[in-house]
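Undergrad: Predicted model follows, preceded by the sequence.
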Amino acid sequence: MQYVDEFRDPQRARALLQAIDRLASQIHQDRPGPLKIMEICGGHTHTIFKFGLERLLPATVELVHGPGCPVCIMPRGRMDDAIALAQQPSVILASFGDAMRVPGRRLTLLEARAQGADIRLVYSPLDALSLAQAHPDRRVVFLALGFETTAPGTALTLLQAQDQGIGNFFILSNHVLVLPALEALLSNPDLHLDGFIGPGHVSVVTGTQSYQVIPGRYGKPMVISGFEPLDILQSVWMVLKQLAEGRCQVENQYSRLVQSQGNQIAQQAMAAVFERRHSFEWRGLGAIPASGLKLQSSLAAYDAEVQFDLPGNLVADHRACACGDILRGVKKPWDCRVFGTACTPETPLGACMVSSEGACAAYYRYGRLAQITSDP
Amino acid sequence: MCLGIPGQIQAISDAAHHLAIVDINGLRRPVNISCIVDGDQALEEYVGAWVLVHVGFALNRLDPEEAAATLALLDQLDLAEGTADAIR
């Protein structure tokens, strides 16, 4: 497959690993622990485990998995709202497959569907709009979630609904923004990071300029990265090169898709539809100011939060879960006492185990069930 | 969730709604190309372009020259590291 296979080439990976090894040992000489680089995006976490990259890197480089999985950070109370909506007889709830097994307080969407709620899986928000057109007697609610990558699709779909005068289409917005979450992480004194691998597909939309605050205010290098194995290895190498040369800046590894100003059409669609919430509750991370998007009040006719009565409860995370510490990169999945026992992809307790991009699901699926202390 | 897949635009299927048929690894599906449409250009001119597809939308055009430049840089690194001769 073009633009995929060539970025998985083993020969180039060997050269990168050799260059990484040399740089890491050069930088590591005067440091007590490993160099810690956080990959923010769940898609990166998935690639790292699918291709075994963390085992190929030298022990002096540790990849820390960040909170960039919008399914993983859905709090239980928001899932309960979606389930309550789906249980109304007039409603068809349209959801991405990823959200179906995220636990609410008592149920998942999958279980609610088994009990009779009309919940449909969609691939695109446009599929949800087609459902509304096909069922004019029902109210179709799209469970919108995702970062800046996904929000433009929701925005453009809503603008199309408005344009076509479709009155039975609603959005339950759980869209979130990457940068406020990163800033919340960086203000946590428990977390010691040396640099970031930045979210490639979010940056296709936002551009790279908005991340200047990461080197500027927090003094951490950041490299915006693609999602193939060579992309990630090259990004690790670029972070190390910055550290070795005493530079600290935002660099763009994913230049085939990311431009510094981002996609302005997508940004304009988001600006026409959404406004920032005062605060949004993230599972495991708590309330983060200005980190979530809701529909503008002029679009209240499409806003499920305005048009329906929702429980709107704050539900604490499951007591046994270490999701919060895992999303912050403070703990590894195997440090959680229910990981792989009570909490598995089939019966997840925490959302990090639900999405294939969650750190726990990646560790479980690719067999990293316990810490390997010494390689054979 | 932010999974994006490269695909190539095969045809414009619904110009009014900016819908194109995109070949994604052999699978042909309708994709909304509003985010890459520049008002001055005829939609037919996008046929053949590579795009990044996410939840049914093309988020950007893929720049073949930048892709080639990234790979060329890695090949230079390969030569500099001397791994090329050692293995081939």
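TA: Happy to help now that I have it.
Undergrad: What is the neighbour count of B:I12?
TA: Other residues lying near B:I12 total 17 when counted by other CB atoms under 10 Å in any protein chain shown. The C-beta positions use only the backbone N, C-alpha and C, and glycine is treated the same way.
Undergrad: hang on, it is in a helix, isn't it?
TA: No: counting by DSSP: H, G, I helix; E, B strand; the rest coil, B:I12 is located in no helix; its state is strand.
Undergrad: Look up how far chain A lies from it.
TA: 16 Å (CB to the nearest CB, to the nearest Å).
Undergrad: beta partners for that residue?
TA: With DSSP bridges as the criterion, B:I12 is bridged to B:A20.
Undergrad: Quick one: low-confidence residue ranges for chain A.
TA: Low-confidence segments of chain A (pLDDT under 70): A:372-376.
Undergrad: Show me what from the stretch 101-250 of chain A comes close to chain B.
TA: By CB under 8 Å from any CB of the partner chain, the residues of the stretch 101-250 of chain A that approach chain B are A:123-127, A:145-147, A:149-150, A:152-153, A:156, A:160, A:199-202, A:204-205, A:227, A:230, A:234.
Undergrad: can you tell me which of the residues you listed are in strands?
TA: A:145-146, A:199 (DSSP state E).
Undergrad: quick one: the strands in the stretch 51-200 of chain A?
TA: Ranges of strands in the stretch 51-200 of chain A, per DSSP state E, counting those that start in this stretch, are A:61-68, A:91-95, A:119-121, A:139-146, A:169-175, A:195-199.
Undergrad: would you list those strands in a markdown table and tack on mean neighbour count and distance to B:G56?
TA: Converted to a markdown table, the strands of the stretch 51-200 of chain A look like this (neighbours: other CB atoms under 10 Å in any protein chain shown; distance: least, CB to CB, whole Å):
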| stretch | mean neighbour count | distance to B:G56 |
| --- | --- | --- |
| strand A:61-68 | 24 | 21 |
| strand A:91-95 | 25 | 12 |
| strand A:119-121 | 18 | 13 |
| strand A:139-146 | 26 | 12 |
| strand A:169-175 | 26 | 15 |
| strand A:195-199 | 28 | 20 |
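Undergrad: For whichever residue of chain B sits closest to chain A, give me its contacts.
TA: The nearest approach of chain B to chain A comes at B:G56, 2.7 Å away (CB to the nearest CB). By CB atoms under 8 Å, 6 or more residues apart in numbering or on different chains, B:G56 lies in contact with A:123-127, A:153, B:29-32.
Undergrad: now B:V31
TA: B:7, B:9, B:19-22, B:51, B:53, B:56-58.
Undergrad: again with A:E54
TA: A:48, A:63.
Undergrad: what do you get for the one 3 residues further on?
TA: Applying CB under 8 Å, 6+ apart to A:L57 gives the contacts A:17, A:20, A:24, A:63, A:236.
Undergrad: nearest spatial neighbour of A:T157, skipping sequence neighbours?
TA: A:P125 (3.9 Å; CB to CB, 6 or more residues apart in numbering or on different chains).
Undergrad: and the residue nearest the centre of chain A, backbone torsions?
TA: Nearest to the mean C-alpha position of chain A, counting by CA atoms, centre = their mean, stands A:C69 at 2.3 Å. According to degrees, to the nearest 10, the main-chain angles of A:C69 amount to phi -130, psi 100.
Undergrad: Please look at it and A:G358 and confirm they touch.
TA: Yes: between A:C69 and A:G358 there is a contact at 5.3 Å, judged by CB atoms under 8 Å.
Undergrad: Need the residues touching each of those two.
TA: A:42, A:45, A:351-352.
Undergrad: Generate JSON lines for those residues, with secondary structure as supplementary columns.
TA: Listed next are the shared contacts of A:C69 and A:G358 as JSON lines, based on three-state DSSP:
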{"residue": "A:G42", "secondary structure": "helix"}
{"residue": "A:T45", "secondary structure": "helix"}
{"residue": "A:A351", "secondary structure": "helix"}
{"residue": "A:C352", "secondary structure": "helix"}
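Undergrad: most surrounded residue in these?
TA: Result: A:C352 is most packed of the shared contacts of A:C69 and A:G358 (other CB under 10 Å), 35 neighbours.
Undergrad: how's chain A carved up into domains?
TA: A:5-69+A:191-199+A:220-252, A:76-178+A:262-307, A:323-363 (automatic domain parsing).
Undergrad: does chain A sit close to whichever helix in chain B runs longest?
TA: For chain B, the helix with the greatest residue count under DSSP state H is helix B:64-81. Yes: contact of helix B:64-81 with chain A (CB under 8 Å from any CB) involves B:64, B:66-67, B:69-71, B:74-75, B:77-78, B:80-81.
Undergrad: Good, we can wrap up now.
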